[in-house]
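> Provide a 3D model corresponding to the input given below.
(chains A and B)
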Amino acid sequence: MKAKHQRLILALVALAALIGAALLAASALKDEAAYFYTPSDAKTKGVEPGKAIRLGGMVVKGSLHRAADGVTVRFDVTDNKATVPATFTGIAPDLFREGSGVVAEGAFDRSGTFVATNLLAKHDERYMPRELEGMTYNETTHEMGPEMGKEK
Amino acid sequence: MHAFANPARFLSIARPLTPWLFWPGLALLVAGCLSGLFLTPADYLQGETVRILYIHVPAAWLGMSGWTGIAVAGLVQLVWRHPLAAIAGRAIAAPGALFTAICLITGSIWGRPTWGTWWEWDGRMTSMLVLFFLYLGYMALANASAASGERGGVSRVTAIFGLVGAINIPIINRSVVWWNSLHQGPSITLGGSSIASSMLWPLGLTVLGFSLLFGAIVLMRMRTILAETRIEARLRRMARD
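I've put the predicted structure just below:
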């Protein structure tokens, strides 16, 4: 066997071992490296009240309510398997809205409501113009209208 | 393969190829940026902010492609003892690090208005920052190996480092799939694109433009390194005589 081939085999074996090790590490990290808990994670793992975590999911449509003080919002976070109520006092990012993704930092209180100290908006991988396929977009309510023709 | 090991033959190809990569690359980049700024519609959710995509995505692509190139060069250097591969690894490192930095900076600027944060330690951002640090480490090792008589290339330890660091590339790519992350999932996959076609086409221009420019920069740097080694060899001969 030529030295060149020996080196090639050595390099490939080392590379295969490395990829195997990295895959094992990545799968072991699977839960630890998660950036947030989903509502079903939070329920099955039983996060104790007061423990600081991040909770991520979708804001349930129709669940977003603003309290009388004007800066506190109440909403439900879901991952379509479990839903938890959440509350936040402060300035939410522009993209925080019903039917959209949210990552909330905070902790559960004794009653099981997630009290967020900070809100991050998470958007999905879709990018499209506002008027795609006759959809309209309302700047103030952030709602997607049905048909462009009907608006006119 | 060894036909290109000859630096003279490499130069005879690289010299005329450089302007053919540089100028079309620059033209495509300018055309892509202008059309991305003025001709595409705003996003339904993010508004005008989405236009940073046309810089952020090519920068991420080249940051990751650059390291893939370093790993391939490292393998060729270690197995076939190809002197030009060692030089290519050194040439790729600085532009690769630059584009990774551009990706991190534009991502941070983009994250503030959309997500509401400059930086979060989620899987995608952390693994991309690790890539930037890998580039810095590679450059430090490459500079240290200059003195070890590698004739312009990088030492074998550096090549091994480049090969080992490549494990981060699939991790960056899969980070948004494996782990819950703030960063959204992949928009462009083998199955298609979830970016509306009216917003997608300038991205093709800037990705191609940046890639051609990257190629031109790498060729220019390789030529510079080859010229420097020649100067050094000549100076050494003159000192001896």
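> buried residues, the longest helix along chain A. List them.
The single longest helix within chain A, with elements called by DSSP state H, is helix A:3-29. By neighbour count with 16 or more other Cβ atoms under 10 Å in any protein chain shown, helix A:3-29 contains the buried residues A:8, A:11, A:15, A:22, A:26. C-betas here are computed from N, CA, C, even on glycine.
> what does stretch B:179-198 give?
B:179, B:180, B:181, B:182, B:183, B:184, B:187, B:193, B:194, B:195, B:196.
> nearest residue to the middle of chain A?
residue A:56 (4.0 Å; Cα atoms, centre = their mean).
> ok so that one is a helix residue?
No: going by DSSP: H, G, I helix; E, B strand; the rest coil, the assignment for residue A:56 is strand, not a helix.
> and it, how close does it get to chain B?
6 Å (Cβ to the nearest Cβ, to the nearest Å).
> okay, and the beta partners of that residue?
Using DSSP bridges, the bridge partners assigned to residue A:56 are residue A:103.
> ok, it - contacts?
A:35, A:36, A:37, A:38, A:77, A:101, A:102, A:103, A:104, A:122, B:180, B:182 (Cβ atoms under 8 Å, 6 or more residues apart in numbering or on different chains).
> which one of the buried residues of helix A:3-29 is nearest to residue B:48?
Checking the buried residues of helix A:3-29 against residue B:48 with Cβ to Cβ, the nearest one is residue A:26 at 36.6 Å.
> tell me the pLDDT at the closest one?
With respect to pLDDT, residue A:26 scores 79.
> go on, residue A:15?
86.
> that one contacts residue B:162, correct?
No: between residue A:15 and residue B:162 there is no contact, the gap being 12.0 Å when judged by Cβ atoms under 8 Å.
> got a list of what residue B:67 touches?
Residue B:67 makes contacts with B:96, B:131, B:134, B:135, B:162, B:165, B:166, B:168, B:169, as judged by Cβ under 8 Å, 6+ apart.
> helix A:3-29 and the strand or helix carrying it, what's the angle between them?
Using DSSP states H and E, residue B:67 falls within helix B:53-80. Per axes from the mean of the first three to the mean of the last three Cα atoms, to 10 degrees, the angle that helix B:53-80 makes with helix A:3-29 is 140 degrees.
> after helix B:53-80, which helix or strand is next?
Downstream of helix B:53-80 (by DSSP H and E), the next one is helix B:83-114.
> near chain A, anything from stretch B:70-90?
Yes: counting by Cβ under 8 Å from any Cβ of the partner chain, contacts between stretch B:70-90 and chain A involve B:75, B:78, B:79, B:80, B:81.
> kindly indicate which of those lies nearest chain A.
Minimum distance to chain A across those is 4.6 Å, recorded for residue B:79 (Cβ to the nearest Cβ).
> tell me the buried residues in stretch B:40-57?
Per 16+ other Cβ under 10 Å, stretch B:40-57 contains these buried residues: B:40-41, B:43-47, B:49-57.
> contact partners of it?
Under Cβ under 8 Å, 6+ apart, the answer for stretch B:40-57 is A:95, A:100, A:123, A:127-132, A:135, A:137, A:144, B:32-33, B:36-37, B:102-103, B:106-107, B:109-110, B:113-114, B:195-196, B:198-199, B:201-203, B:206-207.
> can you select the buried ones from those residues in PyMOL?
Typed into PyMOL, the next command selects the buried ones out of these (criterion: 16+ other Cβ under 10 Å):
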select buried, (chain A and resi 95+100+123+127+128+129+130+132+137) or (chain B and resi 32+33+36+102+103+106+107+110+113+114+195+196+199+202+203+206+207)
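> from the contacts of stretch B:40-57, which land in helices?
The members of the contacts of stretch B:40-57 that map onto helices under DSSP H are B:32-33, B:36-37, B:102-103, B:106-107, B:109-110, B:113-114, B:198-199, B:201-203, B:206-207.
> contacts with chain A among those residues, please.
Near chain A, by the rule Cβ under 8 Å from any Cβ, you find B:113, B:114, B:198, B:199 out of the ones in helices among the contacts of stretch B:40-57.
> by how many degrees do the helix holding residue B:67 and helix B:83-114 diverge?
Using the same axes, to 10 degrees: helix B:53-80 against helix B:83-114 is 150 degrees.
> quick one on the thing from earlier: is it possible to get TSV of the buried residues of helix A:3-29 that adds distance to residue B:85?
Shown next, in TSV, are the buried residues of helix A:3-29 (distance: Cβ to Cβ, whole Å):
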residue	distance to residue B:85
A:8	14
A:11	13
A:15	16
A:22	24
A:26	29
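> how far does the host helix or strand of residue B:128 sit from the chain's center?
Using DSSP H and E, residue B:128 falls within helix B:123-145. Distance, stretch centre to chain centre, for helix B:123-145: 12 Å (Cα atoms, centre = their mean, to the nearest Å).
> right, I'll call it a day here.
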